[in-house]
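K.L.:
sequence-free structure coming up:
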């Protein structure tokens, strides 16, 4: 997976991934300008990171989203050996790997031995960052924000989540980072579950799939925190959400919180940009899997593989279909188990015919005697 990510980054950036080859951010942020590096053959702009900014800066976050989508959709083309890993890795773990790669590249760039050159690079990047950061406009109050059960960790956040996110999947730190992320998302889910009894039609069990951690927005660290201001998170929703799902969340978020006393301890959240080219996350259990009605129809038509790759499940009987996803999963698991049992090699029965023949011949030779008679003690 590491080689696959490196190959795709090198391809998108048009460089070798070493400290000396990492280019500074162009002086002109317009990709059509002469200052922006382009593929000589196609004149297509190369990807450029702003090394003076963290990964959550708009331009860097957009690039990381593109890298993630490219690895997921074209990774096997760049590295056929990564097919199995791509089928099993979760979206969150893959994003963590790419985030870590960006952090390492940024660190190498900013450790340029020529201090004057390094400062010049940073100054030019910061000048451009002032223009690029206006792409999102002024942040607005997020409708997903409201009263909650304290901050996302119940006022017991485990350490610095920025550092935790750099941990490699499978390590102890990765487990803590994942728990921190889930805890942030759990805050939004708990709030919506408290409001749901007052949401009219959305109390119908057919909408249960919208109330899972899988369906919630990402809660990212504020990329530009102001000194002395309370901590806040940036909510970024995936762009695959259908209009029906968007309407559901807008309705739920507009309901007054039944427990307003908990507003005081809630960590504020603001609306960020959508995650472009996002894909529904993979899940082992169909119970928490995104359902077809939650995804834009045009994306389901464009990506039918989502229905067979543990990303999107059919809607089920409550939506007029013949079977529920849970039934289909049980059926598939039963068939898989049967195939596994059939593939087990049966223990070959020993052929005892030679043994019986030899015993009969020995009996004829011995007559009325036994072997002990021929070997007296």
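P.N.:
Perfect, thanks for sending it. Quick caveat: nothing in here was measured; it's all calculated off a predicted structure.
K.L.:
Can you tell me which residue is spatially central in this protein?
P.N.:
residue 91 (1.8 Å; Cα atoms, centre = their mean).
K.L.:
ok now do residue 286, which residues does it touch?
P.N.:
313, 325-326, 328-329 (Cβ atoms under 8 Å, 6 or more residues apart in numbering). The way it works is simple: take the backbone N, C-alpha and C, and place the C-beta from them, glycine included.
K.L.:
Keep only those of those that are in strands.
P.N.:
Residues of the contacts of residue 286 located in strands (DSSP state E): residue 313.
K.L.:
among the contacts of residue 286, who's most crowded?
P.N.:
For these, the largest number of neighbours (other Cβ atoms under 10 Å) sits with residue 313, at 24 neighbours.
K.L.:
give me the beta-bridge partners of it?
P.N.:
residue 291 (DSSP bridges).
K.L.:
sorry, back to before: I'd assumed residue 275 was in contact with the residue nearest to the centre of the chain.
P.N.:
No - under the criterion of Cβ atoms under 8 Å, residue 91 is not in contact with residue 275, lying 10.2 Å apart.
K.L.:
Could you list the buried residues of the helix or strand hosting residue 66?
P.N.:
Counting by DSSP states H and E, the element that carries residue 66 is helix 58-78. Going by neighbour count (16 or more other Cβ atoms under 10 Å), the buried part of helix 58-78 is 58-65, 67-68, 70-72, 75-76, 78.
K.L.:
ok, so of those, who is nearest residue 306?
P.N.:
residue 72 (11.0 Å; Cβ to Cβ).
K.L.:
show me what contacts that closest one?
P.N.:
86, 91, 94, 279.
K.L.:
Filter the residues you listed down to just the ones in helices.
P.N.:
86, 91, 94 (DSSP state H).
K.L.:
Any chance of TSV for those, columns distance to residue 22 and pLDDT?
P.N.:
Putting those into TSV (distance: Cβ to Cβ, whole Å; pLDDT from 0 to 100) gives the following:
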residue	distance to residue 22	pLDDT
86	26	87
91	26	86
94	22	91
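K.L.:
on that earlier part again, in TSV, list the contacts of residue 72 along with distance to residue 253.
P.N.:
Formatted as TSV, these follow (distance: Cβ to Cβ, whole Å):
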residue	distance to residue 253
86	35
91	24
94	29
279	24
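K.L.:
which of these count as buried?
P.N.:
Looks like these have 86, 91, 94, 279 buried, using 16+ other Cβ under 10 Å.
K.L.:
which one of those residues sits closest to residue 287?
P.N.:
The nearest member of the buried ones among the contacts of residue 72 to residue 287, counting by Cβ to Cβ, is residue 91 at 18.0 Å.
K.L.:
how about the helix or strand hosting residue 298: buried residues?
P.N.:
In this structure, residue 298 is located in helix 297-302 according to DSSP H and E. Of the residues in helix 297-302, 299-300 count as buried by neighbour count, 16+ other Cβ under 10 Å.
K.L.:
which residues sit against that helix?
P.N.:
240, 242, 292, 306-307, 312.
K.L.:
Give the rounded mean pLDDT of it.
P.N.:
Mean per-residue pLDDT for helix 297-302: 95.
K.L.:
got a list of what the residue nearest to the centre of the chain touches?
P.N.:
By Cβ under 8 Å, 6+ apart, residue 91 lies in contact with 68, 72, 279, 281-282.
K.L.:
10 Å instead, please
P.N.:
68, 72, 238, 278-282, 311 (Cβ atoms under 10 Å, 6 or more residues apart in numbering).
K.L.:
which ones are touching the nearest residue to residue 1 once chain neighbours are set aside?
P.N.:
Nearest residue to residue 1 in three dimensions, chain neighbours excluded: residue 85, at 4.9 Å (Cβ to Cβ, 6 or more residues apart in numbering). Residue 85 is in contact with 1-2, 4, 75, 79, 94, counting by Cβ under 10 Å, 6+ apart.
K.L.:
from the residues you listed, which has minimum pLDDT?
P.N.:
Lowest pLDDT among the contacts of residue 85: residue 79, 83.
K.L.:
Count the residues that sit near that residue.
P.N.:
20.
K.L.:
Name the nearest residue to it, sequence neighbours excluded.
P.N.:
residue 4 (4.2 Å).
K.L.:
Contacts only, for the one you found.
P.N.:
So, once contact is read as Cβ under 10 Å, 6+ apart, residue 4 ends up touching 70-71, 74-83, 85-86, 94, 97.
K.L.:
can you rerun that using 6 Å?
P.N.:
75, 78-79, 82 (Cβ atoms under 6 Å, 6 or more residues apart in numbering).
K.L.:
any idea which helix or strand carries it?
P.N.:
Per DSSP H and E: helix 2-13 holds residue 4.
K.L.:
how distant is that helix from the center of its chain?
P.N.:
18 Å (Cα atoms, centre = their mean, to the nearest Å).
K.L.:
Please point out which parts of that helix sit buried.
P.N.:
4-5, 7-9, 13.
K.L.:
So the residue nearest to residue 1 versus residue 93, what's the distance?
P.N.:
10 Å (Cβ to Cβ, to the nearest Å).
K.L.:
now do residue 59
P.N.:
24 Å.
K.L.:
Kindly report the same for residue 284.
P.N.:
Taking Cβ to Cβ, one finds residue 284 at 13 Å from residue 93.
K.L.:
just for the protein, where's the confidence low?
P.N.:
19-20, 112-182, 261-265, 332-333, 335-356, 371-377 (pLDDT under 70).
K.L.:
Now do the strands in this structure.
P.N.:
Going by DSSP E, the chain shows strands at 218-221, 232-236, 268-271, 290-291, 312-313.
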